[in-house]
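In: one predicted model, sequence on top.
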Amino acid sequence: MIEQILFNGLIAGSIYAIIALGFAIIYRTVKFFHFAHGVICAAGAYLAYTFFILLGLDSLLSFFLSIIIAGLLGVCIDRFVYLPLRKHKTSNLVFLFASFGVFIFLQNLIQLIFGAQILTLRTGPIKEGHHFLGAVITDTQIIIIVASLVLFILTWLFIQKTKLGKAIRAVADDPIGARVVGINSEKIILAVFAIGSALAGAAGILISLETNIEPTMGMNAILKGIIASIVGGVGSIPGALFGGLFLGLAENLGIWKIQAGWKDTIAFAILIIFLLLRPSGIMGVKTDKEKL
Amino acid sequence: MEYLIHILIISGIYIILSLSLNLIVGFTGLAALGHIAFACVGAYTSSLLALNLGVSPWIGLIIGAIFASVLGAIVSFPSLRLKGDYLAIATFGLGVIVYSIAKNWVGLTRGPMGLPGIPAFKIFGYEINNVWAYLVLVLIFVVITYVVIRNITKSPFGRILTAVREDEIATEAIGKNVNKYKLIVFVVGAFFAGIAGSLYAHYITFIDPSSFTIMESIAVLLMVVFGGMASLGGSFIGASVLIIFPELLRFLGMPSSVAAPLRQMIYGLLLIILMIWRPQGLIGKYRFK
């Protein structure tokens, strides 16, 4: 029993980690809560549904196209909503509220187009899982864990090793210094929105492989992503992995003895505890002392 | 005609919510996002008291508001440590916790099945179930809320709230206990939100957790921001316009599967536009810093 709970926690946690990873990459650079990140997850899932089920394309091609379009969507949100706000030099709170606006707008646009009913990417019957270390795990769940791991490692290598990745880190750590050495911060912001949103789209597809697709799925995605980020340390990439897994395991261990409906309550209780006792998270650095 | 009065009653309830949120967000500058949770506590408390113990809705309304205030005191706790967007996320989280308790504590709240058959208010043995009478009742509470919050904000106490909003450290430096003011503001704001929730429950006679989602909290915030931050007149405008205007969509003959998401899309778009061009709202006196 405990093995199964740990596995479930690992699967949920790896998806949370990917959402938190995209969120962290964007947060590091722009320093505000990009709440609309969640609706991009939902968009990724619906795009995959459109290509794979409605248009009948090959599964990998559909997923690839969906991830690319999700990235573009993130870039568009930045151009049309956040760029004007940056020009006004407004507060983080204004960015957050505008982001709520984007979230509500796109979520309901999705609902208008696809309807409120639950959809699925599944084409065949559910296959029986493999017995492994005392737990039952399905092929899809193995794909989810492997895909999350690959995405995480690729993103990590990209940020650490490539020239663009180094420029992204430079802008995140010291925007003025980066400008001095000739890095165009607007270009970097575009890049982080593209990468972060592509990851959100990928996470949306992973969610829809494991469960179902519905217009409101973005809310749960971003809430868990934000909680994972705050637990791990907002803007920290290893923190996103740690926070995601921590949250996934904590939720699933929590509902061991009580009903599954209480999952969200557990997640938010963790959020409040961390915000009050350690707002910089496990791996975060206390830089923004003034604000916290 | 009855439908029109119904819309006015709902507007009145949202005006109470917007006025009380404006005290917290507009006048004191605390970015609180879980306002509907207070209404949820008020609504469930007075409904459960009436249904299970036969308590009069009038007493239930007061007890519900007091319970909401207790929650307000709890919610004020994060505001002592967190600011700006972090406070917004924390209060958002508390809002979701209240919602999920209403949904999952099936033994008490019946969960998603909701509470049907909530009794109406009674005066001298007559039930107030006529929409006109209920409109009068709601308007009385709107006036009470307005007068109380106006007096708070116009008083020396209110000037300290403005000081807390503009510069917390300076306010502390002149010897004011900032934490105490934050606590009081949350308690008062939650009290009136609790009344609004109770008025809603005894009017509709049915409540379920879906009336108290986080989207509703964002909608109330939008009303405050749209009408005007730190402007009570603005809250009247914001709540009325944002309740009445989407109803026009229904008159255009749209099915509710189209009208409901369209209404939300308008809300979302409006929030974006306001944040870009007019973060203080139509007649607001304060913008987020």
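Out: Yep, it's here.

In: contacting residues around A:Phe242?
Out: A:Phe242 makes contact with A:231-232, A:282-283 under the criterion CB atoms under 8 Å, 6 or more residues apart in numbering or on different chains. In short, each C-beta sits where N, CA and C put it, glycine included.

In: mind putting the residues you listed in a markdown table, distance to A:Ile67 and neighbour count included?
Out: Converted to a markdown table, those look like this (distance: CB to CB, whole Å; neighbours: other CB atoms under 10 Å in any protein chain shown):
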| residue | distance to A:Ile67 | neighbour count |
| --- | --- | --- |
| A:Val231 | 26 | 30 |
| A:Gly232 | 23 | 29 |
| A:Ile282 | 29 | 16 |
| A:Met283 | 27 | 18 |
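
In: for the helix or strand containing A:Leu60, which positions count as buried?
Out: The secondary structure element spanning A:Leu60 is helix A:59-77 (assigned by DSSP states H and E). Buried residues in helix A:59-77, defined by neighbour count with 16 or more other CB atoms under 10 Å in any protein chain shown: A:62-63, A:65-67, A:69-71, A:73-75, A:77.

In: quick one: which of the contacts of A:Phe242 is nearest chain B?
Out: Comparing the contacts of A:Phe242 against chain B with CB to the nearest CB picks out A:Val231 as the nearest, at 12.3 Å.

In: hmm, the closest one is touching A:Pro279, no?
Out: No - assessed by CB atoms under 8 Å, A:Val231 is found out of contact with A:Pro279, at 10.6 Å.

In: counting neighbours, which bits of stretch B:205-214 end up buried?
Out: B:207-209, B:211-214.

In: all the strands of chain A, residue numbers only.
Out: The residue ranges that make up the strands of chain A, judged by DSSP state E, are A:130-132, A:135-137.

In: which positions in the stretch 51-200 of chain A make contact with chain B?
Out: With CB under 8 Å from any CB of the partner chain as the criterion, the stretch 51-200 of chain A meets chain B at residues A:81, A:84-85, A:88, A:90-98, A:100-109, A:111-112, A:115-116.

In: these two touch, right, B:Gly233 and B:Ala239?
Out: No - contact between B:Gly233 and B:Ala239 fails when scored by CB under 8 Å: they sit 11.3 Å apart.

In: and stretch A:218-225, how far out from the chain middle?
Out: Counting by CA atoms, centre = their mean, to the nearest Å, stretch A:218-225 is centred 8 Å from the centre of its parent chain.

In: neighbours of B:Pro95, how many?
Out: Careful, residue B:95 is Gly and not Pro. Summarising burial for B:Gly95: neighbours were counted as other CB atoms under 10 Å in any protein chain shown, giving 26.

In: next: the one 4 residues further on.
Out: The local packing of B:Tyr99 (other CB under 10 Å) involves 25 other residues.

In: tell me which element it is part of?
Out: With the criterion set as DSSP H and E, the secondary-structure element containing B:Tyr99 is helix B:84-104.

In: tabulate the contacts of A:Phe242 (CSV), appending pLDDT and distance to chain B.
Out: Listed next are the contacts of A:Phe242 as CSV, based on pLDDT from 0 to 100; distance: CB to the nearest CB, whole Å:
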residue, pLDDT, distance to chain B
A:Val231, 89, 12
A:Gly232, 87, 15
A:Ile282, 74, 16
A:Met283, 70, 17
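
In: and the residue located most distally from the centre of chain A, how far is that from chain B?
Out: The C-alpha centroid of chain A is most remote from A:Val180, which lies 31.7 Å away (CA atoms, centre = their mean). In this view, A:Val180 and chain B are 28 Å apart by CB to the nearest CB, to the nearest Å.

In: can you tell me if stretch B:33-42 touches chain A.
Out: No - Stretch B:33-42 does not reach chain A (CB under 8 Å from any CB); its nearest approach is 8.9 Å.

In: dump that stretch to CSV, restricted to CA.
Out: As requested, the backbone C-alpha atoms of stretch B:33-42 are provided in CSV (Å, rounded to 0.1, in the frame of the first residue of the first chain):
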residue,chain,number,x,y,z
LEU,B,33,-8.0,37.7,-2.4
GLY,B,34,-10.2,35.4,-0.5
HIS,B,35,-13.2,37.7,0.2
ILE,B,36,-15.9,35.2,-0.9
ALA,B,37,-14.7,32.8,1.9
PHE,B,38,-16.1,35.2,4.5
ALA,B,39,-19.5,35.2,2.7
CYS,B,40,-19.2,31.4,2.5
VAL,B,41,-18.8,31.2,6.3
GLY,B,42,-21.7,33.6,6.9
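
In: just how off-centre is that stretch within its chain?
Out: Relative to the chain's own centre, stretch B:33-42 is displaced by 7 Å; criterion: CA atoms, centre = their mean.

In: correct me, but A:Ile270 touches A:Ile227?
Out: Yes - the criterion here is CB under 8 Å, and A:Ile270 meets it with A:Ile227 at 6.3 Å.

In: what about the strands in the stretch 1-150 of chain B?
Out: With strands called from DSSP state E, counting those that start in this stretch, the stretch 1-150 of chain B shows them at B:122-123, B:126-127.

In: could you dump those strands to CSV with distance to B:Ala259, mean neighbour count and mean pLDDT?
Out: What follows is the strands of the stretch 1-150 of chain B, written out as CSV (distance: least, CB to CB, whole Å; neighbours: other CB atoms under 10 Å in any protein chain shown; pLDDT from 0 to 100):
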stretch, distance to B:Ala259, mean neighbour count, mean pLDDT
strand B:122-123, 35, 12, 78
strand B:126-127, 32, 12, 74
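
In: need these in a markdown table (columns: distance to chain A).
Out: A markdown table is the format used below for the strands of the stretch 1-150 of chain B (distance: least, CB to the nearest CB, whole Å):
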| stretch | distance to chain A |
| --- | --- |
| strand B:122-123 | 36 |
| strand B:126-127 | 35 |
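
In: can you tell which of the ones you listed is closest to A:Leu47?
Out: Shortest distance between A:Leu47 and these, using CB to CB, is found for strand B:126-127: 52.9 Å.

In: that closest one pairs with which strands, and in what direction?
Out: Next to strand B:126-127 in the sheet, as set by DSSP bridges, lie strand B:122-123 (antiparallel).

In: need the helix or strand of chain A with the lowest average pLDDT.
Out: strand A:130-132 (a mean of 75; mean pLDDT, DSSP states H and E).

In: could you name every residue contacting both of A:Ile270 and A:Ile227?
Out: In contact with both A:Ile270 and A:Ile227: A:Leu247, using CB under 8 Å, 6+ apart.

In: so those two - more neighbours on which side?
Out: Set side by side, A:Ile270 and A:Ile227 show more neighbours around A:Ile227, with 29 against 21, by other CB under 10 Å.

In: ok, the residue nearest to that one when sequence neighbours are not counted - contacts?
Out: Closest residue in space to A:Ile227, ignoring its immediate chain neighbours: A:Leu271 at 4.6 Å, by CB to CB, 6 or more residues apart in numbering or on different chains. Contacts here follow CB under 8 Å, 6+ apart; on that basis A:Leu271 touches A:226-227, A:230-231, B:89-90, B:93.
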